[in-house]
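when you get a sec, could you give me coordinates for this:
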Amino acid sequence: MRLRNIPRAEGTIQSHDKVIKRPEAQKKCWSQVFGNKNPIHIEIGMGKGRFLLNMAAKYPEINFVGIERYSSVLLRALEKYDTEEFCELKNIRFICMDARDIAEVFAEDEVSKIYLNFSDPWPKARHAKRRLTSTEYFERYEKILKHGHSVEFKTDNTELFEFSLEQVKEAGWILENFTYDLHHCDLLNKGNVMTEYEEKFSKKGNPINKLIAVRK
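Next comes the predicted model:
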């Protein structure tokens, strides 16, 4: 799907005080960015920001960083943040970057949890390495995520989910839990915060898949 370019996106991103302009300069220094030593949770490919903003509001004792590659999409998240409902949140920051460079932005053991929500499936086999649940990406996550902490992944794409289950094991991570029908799984659905896509697909009757992978 081709994203519509929004000319004002770049200017808004550069001027917004919650956007980190040189994220690589904050490596090892994220506690200073937030002014506290609270755990850091990141969402890679955060889209329009509904999930991350609601998580930040629900858990003020956690610092959240949203990563989005496309400026026109990040703009929508910033507009949502600027509403009366979310504009007072202090525990959230945003980055416009490619997730391939994640280890250049966060140091070893600097991240306590990673969220992947409805990631691009990259359906062609030759693009498998680009999937955010590929072993290549789990190698990147190992460089920043604390031992014993987790990656949580949700998708409605069953083929991608099957691929992801295999990749977790191949990467040498622990598959802590998984379900092919999140909204009918009492354990994994407890406290679930939905994304825009999750609500959209659920209303169509699509089951939501979720897995939790733990770094050894």
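
list the buried residues for stretch 70-80?
71-78, 80 (16 or more other C-beta atoms under 10 Å). (C-beta placed from N, C-alpha, C; glycine too.)

per-residue confidence averaged over that stretch?
Mean pLDDT, computed over stretch 70-80, is 95.

now tell me what touches that stretch from outside.
Stretch 70-80 is contacted from outside by 3-6, 8-10, 12-13, 16, 18-19, 46-50, 52-53, 66, 68, 86, 94, 96, using C-beta atoms under 8 Å, 6 or more residues apart in numbering.

among those, name the ones in helices.
Secondary structure defined by DSSP state H assigns 9-10, 12-13, 50, 52-53 of these to helices.

low-scoring stretches of the chain, by residue?
1-4 (pLDDT under 70).

just to revisit the earlier point, now rank the ones in helices among the contacts of stretch 70-80 by neighbours and give me the top one.
residue 52 (31 neighbours; other C-beta atoms under 10 Å).

which non-adjacent residue is nearest that residue?
Computed as C-beta to C-beta, 6 or more residues apart in numbering, the closest residue to residue 52 that is not its neighbour in sequence is residue 66, at 4.5 Å.

ok, what's across the strand from that neighbour?
When bridges are called by DSSP bridges, residue 66 pairs up with residue 43, residue 94.

any idea how far residue 43 is from it?
Going from residue 66 to residue 43 by C-beta to C-beta, to the nearest Å gives 5 Å.

the more surrounded of the two?
residue 66 (29 against 22).

top strand in the chain by residue count?
strand 145-155 (DSSP state E).

may I have the longest helix along the chain exported as PDB, CA atoms only?
In the chain, assigned by DSSP H, the helix with the most residues is helix 158-170. This file holds the C-alpha atoms of helix 158-170, laid out as PDB (Å, rounded to 0.1, in the frame of the first residue of the first chain):
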ATOM      1  CA  THR A 158      -2.000 -16.300  10.400                       C
ATOM      2  CA  GLU A 159       0.700 -17.100   7.800                       C
ATOM      3  CA  LEU A 160       3.000 -14.400   9.300                       C
ATOM      4  CA  PHE A 161       2.100 -15.700  12.800                       C
ATOM      5  CA  GLU A 162       3.100 -19.300  11.900                       C
ATOM      6  CA  PHE A 163       6.400 -17.900  10.500                       C
ATOM      7  CA  SER A 164       7.000 -16.000  13.700                       C
ATOM      8  CA  LEU A 165       6.400 -19.000  15.900                       C
ATOM      9  CA  GLU A 166       9.100 -20.800  14.000                       C
ATOM     10  CA  GLN A 167      11.500 -17.900  14.100                       C
ATOM     11  CA  VAL A 168      11.200 -17.500  17.900                       C
ATOM     12  CA  LYS A 169      12.400 -21.100  18.300                       C
ATOM     13  CA  GLU A 170      15.100 -20.800  15.600                       C
END
